[in-house]
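[1] I would like to see how this sequence folds:
(one chain, ligands or ions: 1)
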Amino acid sequence: MRYAIANWKMNVPPEGIDKYVEACAAAEPAAAELIIAPPFPFIAELRSFAGDRRIGVSAQNCSDQISGAFTGEVAAAMIRRAGAESVIIGHSERRKIYGESNKTIGAKLVRATEVGLLPVFCIGEELEIRESGGTDQLLERQIGEALEIASGAGEMVVAYEPVWAIGTGRVASTEIVAETHARIREILRRSGQPEAPIVYGGSVTPENARELARQPEVAGFLVGGASLSSAKMLQIRDALAV
Ligand code: 13P
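    You can find the predicted model right below:
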């Protein structure tokens with residue numbers, strides 16, 4: 001299975017949610033599954049607009065707790081109940097801005113899979129780490145520490161998002177993507193997730209998607225900026241048909 005995941009972050013597409021979903025629903029079915037990750041309040045709305053059409057709905061985060069006195073948090077079971085089938089976990093913005101650790105992310109992976117949400121588990125290095133040659137070690141830690149906690153978790157998607165490529169227009173080269181995805185595959189084999197599809201994220205556009213989609217071990221894309229246009233998102237999804 002290949003995935004084209006639209007991470008709207010804390011934005012609503014300028015064309016409006018209904019027009020966006022209409023455009024996606026009208027498009028020809030494709031080889032890759034389209035999943036839209038809106039901010040929490042739009043999950044139910046998106047699910048009902050999408051109806052039984054082949055559009056997946058994802059949250060962008062979930063709590064590491066089941067329920068209780070955690071003001072402002074949203075539990076995985078609530079996300080499931082609102083109609084989402086998947087949840088993005090450990091996005092670099094969550095790690096960097098909100099201080100999420102590998103252990104917290106591991107707990108979130110458990111929370112998601114125990115209620116039947118497919119986690120999209122994000123990993124990726126900062127520029128200084130890449131330049132100092134520490135990428136492999138960092139990815140090893142991000143995956144190892146989280147999956148040690150989530151060792152019994154079921155199916156998941158892994159998203160490789162180099163932090164230096166997110167929102168910068170500086171997409172990773174096809175060589176870096178191919179090499180890093182291969183390395184991630186090795187780590188996943190040793191960490192109990194040998195089959196998890198690996199998607200790439202970071203300045204993906206309709207212009208660069210086709211080339212990236214041809215790289216081995218690229219099972220799809222996690223898209224930020226370009227995902228705010230249904231036309232661009234559909235072109236990116238269609239690039240995965242190669
Ligand atoms: P951009 O596509 O805007 O670089 O964002 C990538 C991302 O963070 C998706 O989760």
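
[2] Ramachandran angles for Met156?
    The phi and psi values for Met156, taken as degrees, to the nearest 10, are phi -150, psi 160.

[3] count of neighbours near Gly202?
    Neighbourhood size, Gly202 [other CB atoms under 10 Å]: 26. All C-beta spots, glycine's among them, are computed from the backbone N, C-alpha and C.

[4] and the closest residue to Ala165 other than its chain neighbours, what are its phi and psi?
    Nearest non-adjacent residue to Ala165, counting by CB to CB, 6 or more residues apart in numbering: Gly202, 2.8 Å away. The phi/psi pair for Gly202 (degrees, to the nearest 10) reads phi 140, psi 100.

[5] Gly202 is in contact with Gly169, isn't it?
    No - using CB atoms under 8 Å, Gly202 is not in contact with Gly169, being 9.8 Å away.

[6] so where do the strands sit in this structure?
    2-7, 32-37, 55-59, 86-89, 118-123, 157-160, 198-201, 220-223 (DSSP state E).

[7] Quick one: residues in contact with the top helix by length along the chain.
    When the chain is parsed with DSSP state H, its longest helix is helix 174-190. Residues outside helix 174-190 that contact it (CB atoms under 8 Å, 6 or more residues apart in numbering): 123, 135-136, 139-140, 143-144, 158, 160, 162, 172, 194, 196, 198, 200, 211-212, 214-218.

[8] Swap in 10 Å and give it another go.
    121, 123-125, 130, 135-136, 139-144, 147, 156, 158, 160, 162, 165, 171-173, 191, 193-196, 198-200, 202, 208, 211-212, 214-219 (CB atoms under 10 Å, 6 or more residues apart in numbering).

[9] Next: stretch 97-107.
    Residues from elsewhere that reach stretch 97-107 (CB under 10 Å, 6+ apart): 61, 63-65, 89-95, 108, 119, 121-123, 141-151, 153.

[10] if you set the cut-off to 7 Å instead, what comes out?
    Contact with stretch 97-107 is made by 64, 89-90, 94, 141-142, 145-150, as judged by CB atoms under 7 Å, 6 or more residues apart in numbering.

[11] Dump those into TSV; add neighbour count, pLDDT and distance to Ala44 as well.
    Shown next, in TSV, are the contacts of stretch 97-107 (neighbours: other CB atoms under 10 Å; pLDDT from 0 to 100; distance: CB to CB, whole Å):
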residue	neighbour count	pLDDT	distance to Ala44
Asp64	22	98	23
Ile89	30	98	20
Gly90	27	98	24
Arg94	18	98	22
Arg141	14	98	36
Gln142	22	98	32
Glu145	16	98	33
Ala146	27	98	29
Leu147	24	98	31
Glu148	13	97	34
Ile149	18	97	30
Ala150	26	96	27
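
[12] Show me which pair in those is furthest apart.
    Arg94 and Glu148 (19.2 Å; CB to CB).

[13] If you average the pLDDT over stretch 190-197, what comes out?
    For stretch 190-197, the mean pLDDT works out to 96.

[14] can you give me the end-to-end distance of that stretch?
    15 Å (CA to CA, to the nearest Å).

[15] Show me how far it is from its chain's centre.
    16 Å (CA atoms, centre = their mean, to the nearest Å).
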